[in-house]
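Q: need a 3D model of the sequence below.
(one chain, ligands or ions: 1)
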Amino acid sequence: MLKLSNYINGEKVPPLSGLYMDNFEPATGKVYSLIPDSDDQDVAGAVISAQKAFPSWSSLSNEERGEWLMKIADKIEEQMDLFAEAESKDNGKPVTLARQMDIPRAIANFRFFAQAITQFSSESHHMQGVGLNYTLRQPLGVVGCISPWNLPLYLLTWKIAPALAAGNTVIAKPSEVTPYTAFLLSEICTAIDFPAGVLNFVHGLGPKVGEAICVHREIKAISFTGGTATGRRIASVAAPMFKKLSLELGGKNPNIIFADCDYKTMLQTTVRSSFTNQGQICLCGSRIFVERPLYEKFKTDFVEKVLELKMGDPSDEKTKSGAIVSESHMNKILSYIKLAQDEGGHVLAGGERKHLSGRCEYGWFIQPTVIEGLPFNCRTNQEEIFGPVVTIMPFDTEEEVLAYANSTDYGLSATIWTQNLNRAHRLAEKLESGIVWINCWLVRDLRTPFGGVKNSGVGREGGMDALHFFTEAKNVCLRY
Ligand code: NDP
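A: Here you go, the predicted structure:
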């Protein structure tokens, strides 16, 4: 059986404990590889190698570091099919989605930050007749990057690319549920002779490896994407040590649809924004609010389109809806569907585990599920489910839907569908959300600030925000 290894100091190494864990293929429910069950000793070794590598890596010019990132991007692109198939097998997502979204966006992350660092500049503040301040932006040293399982390579590279570009050395911990593409990335580093110790992957469990990264004194910053409860735990450990923290957490995103919208585009996009990646994207809209005059038509058409989504083996090019990432997550989603029914919700589509035949007989599949008849403030509409489950609700006025949309503890993204742009901008200003899409969804410009408010996170990733996070500002004041 395939045994993954850690990547420390430029070498593939086994965990010091010699222990491994099972890695499952969600589509079959079977173990297909073993991953290191690393611990704090492996993290300690990785930090020593990252510290050793820091002086030379941080003294390279921005252009030289950018060239290294470009080499990584080119190599991933050369192996697009290998990466897409690996991501699909490990996560359960349709291989076409991995090929069209996850892997191209991972490549784009490296290319974007390879170029962005060459445009990075710092501020100066002139004090007339007195002197001059200028700001140095220096890398932090060794930083920790911890990422989730839903967009494994995409979200990992979204962190490590800016961290490396800015001159830091990195200890990365991919989700133990989806470690495979990070392992392939370490093989690319070996193939291109990437400088040893600059990028280290330590595989293993969050409470062991993730926690060891957060408590290590020499790790200066933690960039984390994952659930809100884990983010809270990380903050409680890292904040008292005064580490820099970037926390990208959960969401319960509203999708607000007015009767005057461009109906066809809205309908197509709403199917995508509800069920892409089996609804396991932090930006998926899980609460759909529809203006009352459009509600019945929307309900009929939406349910019809959802029932057309082809569920199946993720490796099949025609599959639109793949497997849920793990058995425990599948059970969590199913328990929320049950809760929705207990709360009085009426299931219009889906609602159950799906048993496929053949290779995927024991896979973890849930039908795309649409529920109506629930109040905005019930648990189903307040808690993050993070699966192929959406609720639909009618509304009458702008004020009412704004109150519904802002009613949760979360504030990651929101979508508004209307041709009335005055209304769209008015709402965009008032929505408690880090990201607002008007008449579109998941359109991403990597220069823009990315992140949430309330329990959806602290800090912003993307563009110059990421480069600011991964550098420390030092003001130098000169008197004439
Ligand atoms: P988790 O919070 O369970 O895990 C995220 C990462 O943190 C994993 O690598 C995990 O390791 C690790 N981890 C777990 N416990 C600790 C700990 N005590 N200290 C340090 N690291 C730890 O999230 P999921 O992987 O389940 O991802 C789904 C969540 O991510 C959803 O809530 C979703 O909304 C959110 N998310 C947010 C995004 C955003 O940009 N705001 C984007 C994508 C997802 P292990 O896998 O071993 O448990």
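
Q: C-alpha only now, for contacts and for neighbours.
A: Noted.

Q: pull out the buried residues from stretch 321-331.
A: Of the residues in stretch 321-331, 321-327, 330 count as buried by neighbour count, 16 or more other CA atoms under 10 Å.

Q: of the residues you listed, closest to T28?
A: For the buried residues of stretch 321-331, the residue nearest T28 by CA to CA is A323; the value is 8.8 Å.

Q: sorry, back to before: and the buried residues of stretch 321-331 as a markdown table, adding pLDDT, secondary structure and distance to the ligand?
A: Formatted as a markdown table, these follow (pLDDT from 0 to 100; DSSP: H, G, I helix; E, B strand; the rest coil; distance: CA to the nearest ligand atom, whole Å):
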| residue | pLDDT | secondary structure | distance to the ligand |
| --- | --- | --- | --- |
| S321 | 97 | strand | 18 |
| G322 | 98 | coil | 17 |
| A323 | 98 | coil | 15 |
| I324 | 98 | coil | 12 |
| V325 | 98 | coil | 9 |
| S326 | 98 | coil | 10 |
| E327 | 98 | helix | 12 |
| M330 | 98 | helix | 12 |
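
Q: quick one: the residue nearest to the spatial centre of the chain from the ligand, how far?
A: Nearest to the mean C-alpha position of the chain, counting by CA atoms, centre = their mean, stands L155 at 4.6 Å. The gap separating L155 from the ligand is 7 Å, by CA to the nearest ligand atom, to the nearest Å.

Q: am I right that that residue is in a helix?
A: Yes - under DSSP: H, G, I helix; E, B strand; the rest coil, L155 sits within a helix.

Q: quick one: contacts for it?
A: Neighbouring residues of L155 by CA atoms under 8 Å, 6 or more residues apart in numbering: 106, 147-148, 225.

Q: ok, 7 Å please
A: S147 (CA atoms under 7 Å, 6 or more residues apart in numbering).

Q: spell out which parts of the chain neighbour the ligand.
A: Contacts of the chain with the ligand, taken as CA under 6 Å from any ligand atom, map to 146-149, 173-177, 204-207, 210-211, 225-228, 230, 233-234, 248-251, 281-282.

Q: now which of the residues you listed would you call buried?
A: Here, 16+ other CA under 10 Å leaves 146-149, 173-177, 204-206, 210-211, 225-228, 230, 234, 248-251, 281-282 buried among these.

Q: in what helix or strand does A221 lie?
A: Following DSSP states H and E, one finds A221 within strand 219-225.

Q: and that strand, what does it pack onto?
A: Of the remaining helices and strands, those touching strand 219-225 by 3 or more CA pairs under 7 Å, 6 or more residues apart in numbering; DSSP states H and E are strand 142-146, strand 244-248.

Q: that one to strand 142-146, inter-axis angle?
A: Inter-element angle recorded for strand 219-225 and strand 142-146: 20 degrees (by axes from the mean of the first three to the mean of the last three CA atoms, to 10 degrees).

Q: list of residues touching strand 219-225?
A: 140-148, 159, 214, 243-249.

Q: what of stretch 76-87?
A: When contacts are defined by CA under 7 Å, 6+ apart, stretch 76-87 is touched by residues 95, 98-99, 103, 107, 180-181.

Q: buried set for it?
A: 76-77, 80-81, 83-87.

Q: next: stretch 276-284.
A: 276-284.

Q: likewise for stretch 173-192?
A: Under the neighbour-count rule (16+ other CA under 10 Å), stretch 173-192 has 173-190 buried.

Q: pull the CA coordinates from it and hand them back as PDB.
A: Extracted in PDB, the C-alpha atoms of stretch 173-192 (Å, rounded to 0.1, in the frame of the first residue of the first chain):
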ATOM      1  CA  LYS A 173       0.200  20.800   7.800                       C
ATOM      2  CA  PRO A 174      -2.400  19.700   5.300                       C
ATOM      3  CA  SER A 175      -5.600  18.200   6.600                       C
ATOM      4  CA  GLU A 176      -5.000  14.600   7.600                       C
ATOM      5  CA  VAL A 177      -8.200  13.700   5.700                       C
ATOM      6  CA  THR A 178      -6.700  14.900   2.300                       C
ATOM      7  CA  PRO A 179      -2.900  14.800   2.400                       C
ATOM      8  CA  TYR A 180      -2.200  13.400  -1.000                       C
ATOM      9  CA  THR A 181      -1.700  16.400  -3.200                       C
ATOM     10  CA  ALA A 182       0.600  18.100  -0.600                       C
ATOM     11  CA  PHE A 183       2.600  14.900  -0.800                       C
ATOM     12  CA  LEU A 184       2.800  15.200  -4.600                       C
ATOM     13  CA  LEU A 185       3.800  18.800  -4.100                       C
ATOM     14  CA  SER A 186       6.700  17.700  -1.900                       C
ATOM     15  CA  GLU A 187       7.800  15.400  -4.700                       C
ATOM     16  CA  ILE A 188       7.900  18.300  -7.100                       C
ATOM     17  CA  CYS A 189      10.100  20.200  -4.600                       C
ATOM     18  CA  THR A 190      12.500  17.200  -4.700                       C
ATOM     19  CA  ALA A 191      12.400  17.100  -8.500                       C
ATOM     20  CA  ILE A 192      13.300  20.700  -8.900                       C
END
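
Q: show residues contacting it.
A: 4, 7, 10, 23, 72, 75, 83, 86-87, 90-91, 145-149, 152-153, 156, 201-205, 210.

Q: just the ones of the residues you listed in strands?
A: Those of those mapping onto strands are 7, 23, 145-146, 201, per DSSP state E.

Q: now these: which count as buried?
A: For these, a burial check counting by 16+ other CA under 10 Å picks out 7, 23, 145-146, 201.

Q: how about those residues, which pair is most distant?
A: Across these (CA to CA), the longest gap, 21.0 Å, separates N23 and C145.

Q: pick out the residue of the stretch 1-150 of the chain closest to the ligand.
A: Using CA to the nearest ligand atom, P148 is the residue of the stretch 1-150 of the chain that sits closest to the ligand, at 3.5 Å.
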